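>>> Could you work out the structure for the sequence below:
(4 chains)
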There are 2 protein chains.
Amino acid sequence: MAVTIRDVARRAGVSVSTASAALNNKPFVSPQTRARVLQAALELNYHVNRMARNLAMGRTFQIGLLIPALLEHTFSASHFFNQLMRGIYGACRPEDYSLVLFAVENEDDLTRQMTHWAHGRSVDGFIITHPTWEMPYREVLEQSGLPYVVIGRPPDKDASRVLFVDNDNVQVAYDATAYLLARGHRRILFVNGPSRYTYAHDRNEGYRRALHTYGVPVDERLLVEAELTFVDGYRVVDALCGQVTFSAVVVLNPMQALGVMHALAKHGCRVPEDVAAITTDCEMAKYMHPPLTAVDIQPYQLGYHAATILLQLLAGEPTAPRIIPHALVERASTRRMVAQAHR
Amino acid sequence: MAVTIRDVARRAGVSVSTASAALNNKPFVSPQTRARVLQAALELNYHVNRMARNLAMGRTFQIGLLIPALLEHTFSASHFFNQLMRGIYGACRPEDYSLVLFAVENEDDLTRQMTHWAHGRSVDGFIITHPTWEMPYREVLEQSGLPYVVIGRPPDKDASRVLFVDNDNVQVAYDATAYLLARGHRRILFVNGPSRYTYAHDRNEGYRRALHTYGVPVDERLLVEAELTFVDGYRVVDALCGQVTFSAVVVLNPMQALGVMHALAKHGCRVPEDVAAITTDCEMAKYMHPPLTAVDIQPYQLGYHAATILLQLLAGEPTAPRIIPHALVERASTRRMVAQAHR
DNA sequence: CTGAAAGCGCTTACAG
DNA sequence: CTGAAAGCGCTTACAG
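This is a model prediction of the structure:
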C-alpha cells in the first residue's frame, strides 16, 4: 500500500542501496542516477518511513522536552516559555529534529516515566526545564546514557559534568536590586520563585549581595517566595500589605508581577508613586499601566542554545555550558527617585 | 551493548517469540513462563526498543499536537492551553501514547512541514488547535490518510466528515452578552479574537443574536477584534476609549482581558463602577481586582475528549464530534445593575 | 502453550 | 559509481 524505497528503486531502474544513497544526498552518486531516483520519488510521492529509518540508523531524530512542572505552572510564564520553545525550535528545525513533549504532574511522576522514555529510546536526548535541588529522575536518565541539557543551572553545577544553559541569576537579581538601591530605595520587597528551583537560590543570593554592597541590612520579612503564577504573586503581596512597609518590589516573573500589581492596586498602592516595581521582560511589561522596568533574560537565546548544545552532543562535537547575558530595560514603574529623607 | 529481547529470551530459556508474548501480556502464555521472562527482563534491566517495536507494529504510539499559531500567541491564553494539554495528556497516558509538538510560525510553514510529518509516519495521528477558515495544511494531511481531530470547529463543520471537539461558541458569546443585557447594559463592547479563527465567527454571531433578542441595535463600532494577547487587548481598547461609549465589555480570552483591564485603568475607567467586564474563566479571573465574571469553557475537557476521539479513531472504534458545555461564573466585575435611565 | 521464520522499510559496510 | 546482502530489534502469523 504505502510506497517504499523499493518502489522508487524499481521505477528508477536502480538498486535499493543506490536509491537510498541518492535520496540521502550521498556524494558518490552520479548526477544522472540521482536525478532519476529523485524524479521517481517525486512521481510516486515517496516519503521515507521514519520508523524504518530510525531503526536502521539507531536514532529517532526527536528530542524530548521535559517539563517537570507543566501541569501546574509552566505556561504561566507565557511569554518566557513561548520564546524558549521558539528558540529550541529554531535550532532543531534546520537539523530536522522534532520535539516530544514530556509534561508531568510532578517530579515523582517524571521519575516513573523516565525509565520507559529513556531506555525505550523514543528520543535521542532531552532538554530539561525547571531544574530543582532534587531532580530525582536524573539518576534513571544518566543510567540510560542519553544525553541531556538543562535550562537553568543544575544543582551540582560545580561538578561541571552536566551541560546547561542559564542566565547568571545571581547577577540578574543583583542588577535589579542594585538599580532600585541606586534610586534611593532601601526597603525592597523581593518576591522570589519557589525555593525548590535552583535559580531561586541564586536570585536570593543576588538580592542579598546588592543590599550588602549598599550597606543595607536584610529584613527577612521582605524576602518571600511564591509559585510562578498570577494567583500566588497576588497572594503573597496581598498578605504582606499592611504587615510590612516597602517602597519597591522586585518580582522576576511576569505572571507573578501581574498578580503583585493587582494586589498592590487592591491595597491602594500606586506604581510608581507609592511603590516601584521591576520584573523580567516580556511584551506585557511594556504595555502595563504603568509600563514596567524589566530585566530581559533572553528566553529565545536560552532555548536556542540549549538545543544547539544538545545537537552538538548528539553529533559528537565538543560543546560547553553557556551563560546567556541579560539587560535591564528602564520604564515608568521605577521612575520616581526616593528622597533621602524617606529612606 | 543494549539488552535486547534475545538476551531476555536466552536468560529465561525460551524463544524470542515466547519472550515477546510474555512481555506483551498475551493471554496464552503460561504463568510460569511469563514469570521467568519477566524476572529475566527485570534482572537485565530490559526495556523494549521503541524504534523496533514501531516498525514491526506499524505505529509510533505518538500523536502530534499541531499548533498553527504557537510562536505567535498560543501560550498567551496560558491557563487555557495548560488545561488543554493536561486533558490531552490525561487521555493519552493510560494508552501509553506520547505527544509530539508541531509548532510553527504560521500556516504556510505548517503546510510545508506537514508533508514530511504526515507521510513520514512519525506519528499515528494529529490533534489540531486554532482552526482557521483556510487550514491550507489539511489537504496534505488528508492525502496522507492519517486521522486527526480538531479542537475548535473546522470550517466545514456541516460536511461532518471532520472530527472535532468544541464549545458551542455561538451560545458562549450569547450567554455572556445576554447576561449583561439582562443587567441593564445596552452599549456592550465585544472584543473578539482574530476573524481568521472559526470560533470568532461563531462568537460574533452569538453577540448579535443576544442583542437581537433584547431588541438592541448593533453598533458596529462596538465590535472589534484583537490578537489573543495582552498587548492587543490593551491596544484596541486604548484606541477606543474616548471614541465610543460603552458600559460593559465582553472579552472572552483571559490575556486579552488583562490588557483590556489595563487600558480601562489607564483611561480612568473603574470596573465595575464605570464598565462591567466578562471574560472566560481561569484562576486569574478569581483574583483580579475586581474578580471577573467569566464563562468557564472547560479546556481540560476539550483536550481530554479530543485525545479520546483520536485514540478511538486509531483503535478503529466508532466515535463522533463532541460539544463541551460551558457555564457562567458570576463575580464582582458585573455586580452593578445599570439604571433604566442610563441605558 | 511454545518455537522457527518471515517481515516491518530502511541504512550501511562490503565487494565489484 | 552501483548492487547484493546483512542487520537494526521487534511482532506476528503459522506450525507443531
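>>> Now do A:Pro291 against A:Met261, distance only.
Per C-beta to C-beta, to the nearest Å, A:Pro291 is found 12 Å from A:Met261. No exception for glycine: its C-beta is placed from N, CA and C like everyone else's.
>>> Counting neighbours, go ahead and name the busier of the two.
Neighbours per residue (other C-beta atoms under 10 Å in any protein chain shown) separate A:Pro291 from A:Met261, with A:Met261 holding more: 28 against 16.
>>> okay, and for the stretch 101-250 of chain A, where does confidence drop off?
A:105, A:157-160 (pLDDT under 70).
>>> Got phi/psi on the residue in it that DNA strand D sits nearest to?
Nearest residue of the stretch 101-250 of chain A to DNA strand D: A:Arg121, at 8.3 Å (C-beta to the nearest atom of the strand). With angles defined as degrees, to the nearest 10, A:Arg121 sits at phi 60, psi 40.
>>> quick one: it and B:Arg53 touch, right?
No: with contacts counted by C-beta atoms under 8 Å, A:Arg121 stays clear of B:Arg53, the gap being 9.9 Å.
>>> So which residues on the stretch 101-250 of chain A come close to DNA strand C?
Residues of the stretch 101-250 of chain A lying close to DNA strand C (C-beta under 7 Å from any atom of the strand): none.
>>> got the residue ranges for the strands in the stretch 101-250 of chain A?
A:125-128, A:148-151, A:163-167, A:188-192, A:223-225, A:248-251 (DSSP state E, counting those that start in this stretch).
>>> A:Gly193 is in contact with A:His201, isn't it?
No: A:Gly193 lies out of contact with A:His201 (C-beta under 8 Å); the separation is 9.9 Å.
>>> State the number of residues packed around the residue in the stretch 201-343 of chain A positioned nearest to DNA strand D.
Residue of the stretch 201-343 of chain A nearest DNA strand D, by C-beta to the nearest atom of the strand: A:Leu314 (17.5 Å). Neighbour count of A:Leu314, defined by other C-beta under 10 Å: 17.
>>> List the residues that contact it.
Going by C-beta atoms under 8 Å, 6 or more residues apart in numbering or on different chains, A:Leu314 touches A:59, A:124-125, A:147.
>>> Compare those and tell me which has the most neighbours.
A:Gly125 (22 neighbours).
>>> more crowded one of A:Arg121 and B:Arg53?
Between A:Arg121 and B:Arg53, counting by other C-beta under 10 Å, A:Arg121 is the more crowded of the two (23 against 20).
>>> Can you give me the domain assignment for chain A?
A:5-48, A:62-167+A:299-325, A:169-297+A:328-342 (automatic domain parsing).
>>> what is the mean pLDDT for the first one?
Averaging pLDDT along domain A:5-48 gives 93.
>>> That domain vs chain B: in contact?
Yes: applying C-beta under 8 Å from any C-beta of the partner chain, one finds domain A:5-48 touching chain B at A:45, A:47-48.
>>> again with stretch A:229-243
Yes: Stretch A:229-243 comes into contact with chain B (C-beta under 8 Å from any C-beta), by way of A:229-231, A:234-235.
>>> Enumerate the positions of that stretch that are buried.
By neighbour count with 16 or more other C-beta atoms under 10 Å in any protein chain shown, stretch A:229-243 contains the buried residues A:229-238, A:240-241.
>>> so how far is it from its chain's centroid?
What separates the centre of stretch A:229-243 from the centre of its chain is 25 Å, taken as C-alpha atoms, centre = their mean, to the nearest Å.
>>> swap in stretch A:310-329?
Counting by C-alpha atoms, centre = their mean, stretch A:310-329 comes out at 12 Å from the chain centroid.
>>> That stretch: end-to-end distance?
One end of stretch A:310-329 sits 31 Å from the other (C-alpha to C-alpha, to the nearest Å).
>>> list the buried ones in it?
A:310-314, A:319, A:321-322, A:324, A:326, A:328.
>>> Which pLDDT value goes with A:His73?
Confidence score, pLDDT, at A:His73: 47.
>>> for A:Thr132, what are its contacts?
Taking C-beta under 8 Å, 6+ apart, we find A:Thr132 in contact with A:68, A:107, A:155, A:196-198.
>>> these two touch, right, A:Arg203 and A:Glu225?
No: using C-beta under 8 Å, A:Arg203 makes no contact with A:Glu225, being 10.1 Å away.
>>> could I get the strands of the stretch 101-250 of chain A as JSON lines with distance to A:Ala40?
Below are those laid out as JSON lines (distance: least, C-beta to C-beta, whole Å):
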{"stretch": "strand A:125-128", "distance to A:Ala40": "35"}
{"stretch": "strand A:148-151", "distance to A:Ala40": "40"}
{"stretch": "strand A:163-167", "distance to A:Ala40": "43"}
{"stretch": "strand A:188-192", "distance to A:Ala40": "61"}
{"stretch": "strand A:223-225", "distance to A:Ala40": "62"}
{"stretch": "strand A:248-251", "distance to A:Ala40": "61"}
